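Student: Please work out how this folds:
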Amino acid sequence: MSSEQNPTPVQTQDPAAGPRPRRLTYAAALAGLEGLALLAGGVWMLVLGLVGSPDDRKSAVTGGVTLMILALLPLLAARGLLTRRSWSRGPAVITQVMALPVAYNLIHADGAAIPVGIALAAVAVAALVLLVNGETTRALGIRGPGARK
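Tutor: Below is the predicted model of the structure:
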């Protein structure tokens, strides 16, 4: 066979080639941290609802189960970010946007909720900045509007 009959394939730049950018790893870590916090809060509410003496046991159990289910979104997003799945940025961004009003309400509450709200707001803003960063976008293989293959 001559080289004309067996051409070499054209090399395309694979976004998954090379090391994972640190910004992507940090964004995944923050999303995972939020997911674990939601999961811990859900387990705590569920346990208190089952063995404690809540005002409304059914609401406490429902709230705990709901938080545990909601924890799946940032946990799956974190896993997707670590494995460079382009779909994972959407759920990660949604998680951060949902965290901002929660942080606002916590900051305007009393007592120990204020520092928790400040921490949540800081994590959400930092994660959003990391997720929309150009390096993260390129690493996930996300092209802007109107970009061609």
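Student: where's the closest residue to Leu130 other than its chain neighbours relative to Arg85, distance?
Tutor: Closest residue to Leu130 apart from its sequence neighbours, by C-beta to C-beta, 6 or more residues apart in numbering: Ala27 at 3.9 Å. Every residue, glycine included, has its C-beta placed from N, CA and C. Remark: distance between Ala27 and Arg85 (C-beta to C-beta, to the nearest Å) = 13 Å.
Student: swap in Pro91?
Tutor: 10 Å.
Student: can you check Ala28 too?
Tutor: Separation of Ala28 from Arg85 (C-beta to C-beta): 11 Å.
Student: what about Pro145, neighbour count?
Tutor: Neighbour count of Pro145, defined by other C-beta atoms under 10 Å: 4.
Student: Use 48 as the first number from now on
Tutor: Got it, the first residue is 48 from now on, which makes the last one we talked about Pro192.
Student: Where does it sit: helix, strand or coil?
Tutor: coil (DSSP: H, G, I helix; E, B strand; the rest coil).
Student: for this structure, where's the lowest mean pLDDT among helices and strands?
Tutor: Lowest on mean pLDDT, DSSP states H and E among the helices and strands of the chain sits helix 181-186, with a mean of 91.
Student: Compare Ala74 and Arg132 (neighbour count), which wins?
Tutor: Counted by other C-beta under 10 Å, Ala74 and Arg132 do not tie: Ala74 has more neighbours, with 30 against 15.
Student: got the contact list for the more buried one?
Tutor: Neighbouring residues of Ala74 by C-beta atoms under 8 Å, 6 or more residues apart in numbering: 128, 139, 174, 177-178, 183.
Student: so, if you compare the residues you listed, which one comes nearest to Val108?
Tutor: Closest approach to Val108 among those (C-beta to C-beta): Ala139, at 28.6 Å.
Student: and that closest one, how many neighbours does it have?
Tutor: The burial count for Ala139: 28, using other C-beta under 10 Å.
Student: Over to Gly111?
Tutor: Count around Gly111 with other C-beta under 10 Å applied: 20.
Student: Then Ala159?
Tutor: Neighbours around Ala159, by other C-beta under 10 Å: 9.
Student: That one and Leu153, how far apart?
Tutor: Note on Ala159: its distance to Leu153, by C-beta to C-beta, is 9 Å.
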